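[1] Can you look at this prediction? I've put the sequence above it.
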Amino acid sequence: MNIRTLFFSLLAFFTVIQTRIFISTAEPFTVTKSNSSKILVLPLKTQEIPSSSPPNKLPFTHNVTLTVSLAVGAPPQNVTMVLDTGSELSWLQCNTTRINRPVFDPNRSSSYTPIPCSSATCTTQTQDFSIPASCDSKNLCHAILSYADASSSEGNLAMDNFTIAGSKFPGTIFGCMDSGFSSNSDEDSKTTGLMGMNRGSLSFISQMGFKKFSYCISGSDFSGILLFGESNATWLMPLNYTPLIQISTPLPYFDRVAYTVQLEGIMVSEKLLQLPKSIFEPDHTGAGQTMVDSGTQFTFLLGPAYTALRNEFINQTSKILRVLEDPDFVFQGAFDLCFRVPLNLTDPPKLPSVSLVFRGAEITVTGERLLYRVPNEVRGNDSVQCFTFGNSDLLGIEAYVIGHHHQQNVWMEFDLEKSRIGVAQVRCDLAGQRFGVHL
């Protein structure tokens with residue numbers, strides 16, 4: 001689930017940390033007005049996922065996921081779902097034979113209603129799934145969700161009551177999954193499912209009918225808040241907005257219901273990298289879009305942009321950081337720039353900032369968010385810390401993906417009505433207090 005990526009049966013379009021983004025050719029969903037004035041605020045938590053694999057050349061795993069707690073069914077059953085703006089269909093694990101793992105039991109819910117395969121939901125709204133929905137032996141709508149990290153989930157589409165922050169949303173469509181394969185059993189054992197939040201018609205936010213949602217992740221303890229509706233928080237202003245990129249013609253490698261923005265440049269400290277704007281624009285196939293994805297941990301850049309950033313960061317840190325000279329060490333298959341940092345270092349080095357410049361907005365990454373300490377990896381008296389921008393080309397990714405690690409202490413507003421994303425630097429722990437959420 002993190003990068004959650006588009007899966008093509010003949011081509012692994014994406015393989016990114018913590019994200020599953022379905023192939024989608026559907027038009028963005030038009031939000032209804034039913035919840036235009038309601039506001040829901042709830043805590044957003046993170047879960048660190050321990051890795052049992054060796055740290056070098058790891059398959060993509062989920063180190064940290066953003067999770068939200070809610071209740072499903074009647075009587076309500078508490079569930080924990082991974083928040084993923086890169087996926088459409090929300091789903092829950094429904095296999096009650098799973099031992100010591102959280103599940104939703106549909107047999108205990110009087111409001112649970114399976115969706116027949118003859119319904120318009122099954123025949124029309126699932127057309128953008130990587131594998132088309134089908135009929136099972138009971139004539140129920142059967143879905144197989146396949147992902148580029150080789151994981152999959154299989155089960156039936158259904159409806160039930162979802163209760164979030166005290167508000168009930170009856171008839172919410174989701175996947176009730178009873179089988180599948182997970183590439184990360186540690187993550188699978190800690191969450192009940194996934195909350196799809198992209199602009200597709202079956203995503204959770206589209207079904208709820210809100211015009212906006214926002215989240216804010218603390219940079220200190222990695223907690224945060226998730227808000228559905230208009231924040232009406234004047235202390236957040238001004239938000240800087242960047243428009244969502246939309247295309248009218250379907251292209252094979254362009255996900256039209258993703259939150260796609262226009263990346264226009266990258267700065268290290270105050271130095272703008274000398275890159276042609278064309279490398280930030282999707283080509284005639286749609287490859288090269290820039291997506292904002294809460295289901296992805298780190299950020300991934302296409303080869304030319306990554307190489308320029310890598311070289312400039314090395315240049316500006318040559319006197320304070322020691323590069324790890326080990327060509328065989330590539331953290332999680334995409335992070336080939338790592339450093340040796342003394343274990344006894346008390347004051348972290350002052351690192352140059354990295355700014356992602358969008359059309360009308362900017363996200364600046366500073367300090368400890370630029371390096372990630374690889375667990376259980378020590379070289380002599382040094383820890384190994386890797387640059388938190390990965391190389392898309394090492395994974396065959398044809399996109400830029402902005403992960404949640406670089407959204408810490410940034411208020412992220414997704415405005416579906418005006419088709420834009422607003423950002424503002426903010427102390428997210430204080431934001432939670434202002435909204436009365438104790439993180």
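    On my side now, so go ahead.
[2] Just checking: what are the partner strands of the helix or strand containing Ala424?
    Under the criterion of DSSP states H and E, Ala424 resides in strand 420-425. With DSSP bridges as the test, strand 420-425 is paired with strand 240-243 (antiparallel), strand 410-415 (antiparallel).
[3] Please convert the ones you listed to JSON lines, extending it with mean pLDDT, distance to Asp293 and mean neighbour count.
    Every residue, glycine included, has its C-beta placed from N, CA and C. Formatted as JSON lines, those follow (pLDDT from 0 to 100; distance: least, CB to CB, whole Å; neighbours: other CB atoms under 10 Å):
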{"stretch": "strand 240-243", "mean pLDDT": "97", "distance to Asp293": "15", "mean neighbour count": "18"}
{"stretch": "strand 410-415", "mean pLDDT": "94", "distance to Asp293": "11", "mean neighbour count": "22"}
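[4] Which one, of those strands, ends up nearest to Ser269?
    Ser269 lies closest to strand 410-415 among those, at 18.9 Å (CB to CB).
[5] Can you give the contact residues for the closest one?
    Residues from elsewhere that reach strand 410-415, judged by CB atoms under 8 Å, 6 or more residues apart in numbering: 85, 197, 205, 211-217, 231, 236, 239, 241, 259, 292, 294, 363, 421-426, 428, 431.
[6] Now, of these, which are buried?
    Among the contacts of strand 410-415, those scoring as buried are 85, 197, 205, 211-217, 231, 236, 239, 241, 259, 292, 294, 363, 421-424, 426, 428, 431 (criterion: 16 or more other CB atoms under 10 Å).
[7] Which ones among these map onto helices?
    Judged by DSSP state H, the subset of those located in helices is Ile205, Cys428, Ala431.
[8] Check whether the second one really touches Leu227, as I assumed.
    The one in question is Cys428. No: counting by CB atoms under 8 Å, Cys428 does not reach Leu227; the two are 11.5 Å apart.
[9] packing partners for the longest helix seen in the chain?
    In the chain, taking DSSP H as the definition, the longest helix is helix 303-316. The contact analysis (3 or more CB pairs under 8 Å, 6 or more residues apart in numbering; DSSP states H and E) places helix 303-316 against strand 263-268, strand 389-391.
[10] Let's see that with 6 Å instead.
    Packing partners of helix 303-316 (3 or more CB pairs under 6 Å, 6 or more residues apart in numbering; DSSP states H and E): strand 263-268.
[11] For stretch 156-169, what does the pLDDT average out to?
    For stretch 156-169, the mean per-residue pLDDT is 94.
[12] so how far is it off the chain centroid?
    Taking CA atoms, centre = their mean, to the nearest Å, one finds the center of stretch 156-169 at 22 Å from the center of the full chain.
[13] For Leu309, give its distance to Val384.
    20 Å (CB to CB, to the nearest Å).
[14] Please apply the same query to His405.
    In this view, His405 and Val384 are 17 Å apart by CB to CB.
[15] So the closest residue to Ala133 other than its chain neighbours: helix, strand or coil?
    Spatial nearest neighbour of Ala133, chain neighbours left out: Thr126 (4.0 Å); criterion: CB to CB, 6 or more residues apart in numbering. Three-state call for Thr126 (DSSP: H, G, I helix; E, B strand; the rest coil): coil.
[16] Now do the same for Thr126: its pLDDT.
    At Thr126, the predicted lDDT confidence score is 84.
[17] Surely it and Ser134 touch.
    No: if you go by CB atoms under 6 Å, Thr126 and Ser134 don't touch, sitting 9.5 Å apart.
[18] Please identify the helix or strand for Ile247.
    Counting by DSSP H and E, Ile247 is part of no helix or strand.
[19] Return the distance of it relative to Cys176.
    Distance from Ile247 to Cys176, counting by CB to CB: 33 Å.
[20] what about those two, which has more around it?
    Shown here are Ile247 and Cys176; by other CB atoms under 10 Å, Cys176 has more neighbours (27 against 12).
[21] Excluding covalently adjacent residues, which one is nearest to the more buried one?
    Leaving aside its sequence neighbours, Cys176 sits nearest to Cys94 (CB to CB, 6+ apart; 4.2 Å).
[22] What backbone torsions are found at the one you found?
    According to degrees, to the nearest 10, the main-chain angles of Cys94 amount to phi -120, psi 10.
[23] any idea how far Gln407 is from the spatially most central residue of the chain?
    Closest to where the C-alpha atoms of the chain average out (CA atoms, centre = their mean) is Gly295, at 1.7 Å. Distance, Gly295 to Gln407, using CB to CB: 12 Å.
[24] quick one: the spatially closest residue to Ser419 that is not a sequence neighbour from His405, how far?
    What sits nearest to Ser419 in space, not counting adjacent residues and going by CB to CB, 6+ apart, is Leu244, at 4.6 Å. When distance is defined by CB to CB, Leu244 is 22 Å away from His405.
[25] ok, the two, which is more surrounded?
    The neighbour count for Leu244 versus His405, taken as other CB under 10 Å, is higher for His405 (23 against 20).
[26] ok now do that one, which residues does it touch?
    Applying CB atoms under 6 Å, 6 or more residues apart in numbering, we find His405 in contact with Gln297, Phe298, Thr388.
[27] can I get the residues you listed in CSV with pLDDT and distance to Asn315?
    What follows is those, written out as CSV (pLDDT from 0 to 100; distance: CB to CB, whole Å):
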residue, pLDDT, distance to Asn315
Gln297, 87, 26
Phe298, 92, 22
Thr388, 97, 18
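[28] Give me the buried entries from those residues.
    If you count burial by 16+ other CB under 10 Å, the buried members of the contacts of His405 come out as Gln297, Phe298, Thr388.
[29] Do I have it right that the second one meets Val401?
    The reference is to Phe298. No: under the criterion of CB under 6 Å, Phe298 makes no contact with Val401, lying 8.6 Å away.
[30] all helices of this structure, in order?
    Under DSSP H, the chain gives helices at 120-123, 185-188, 204-208, 303-316, 428-434.
[31] list the buried ones in the fourth one?
    When neighbours are counted by 16+ other CB under 10 Å, the buried residues of helix 303-316 are found to be Ala305, Tyr306, Ala308, Leu309, Arg310, Glu312, Phe313, Gln316.
[32] pull the helix or strand with minimum mean pLDDT from this protein.
    When the helices and strands of the chain are scored by mean pLDDT, DSSP states H and E, strand 18-19 comes last with a mean of 34.
[33] in the stretch 151-300 of the chain, which spans are strands?
    Secondary structure of the stretch 151-300 of the chain (DSSP state E, counting those that start in this stretch): strands located at 152-164, 167-181, 193-196, 212-217, 224-228, 240-243, 260-261, 263-268, 271-272, 289-292, 299-301.
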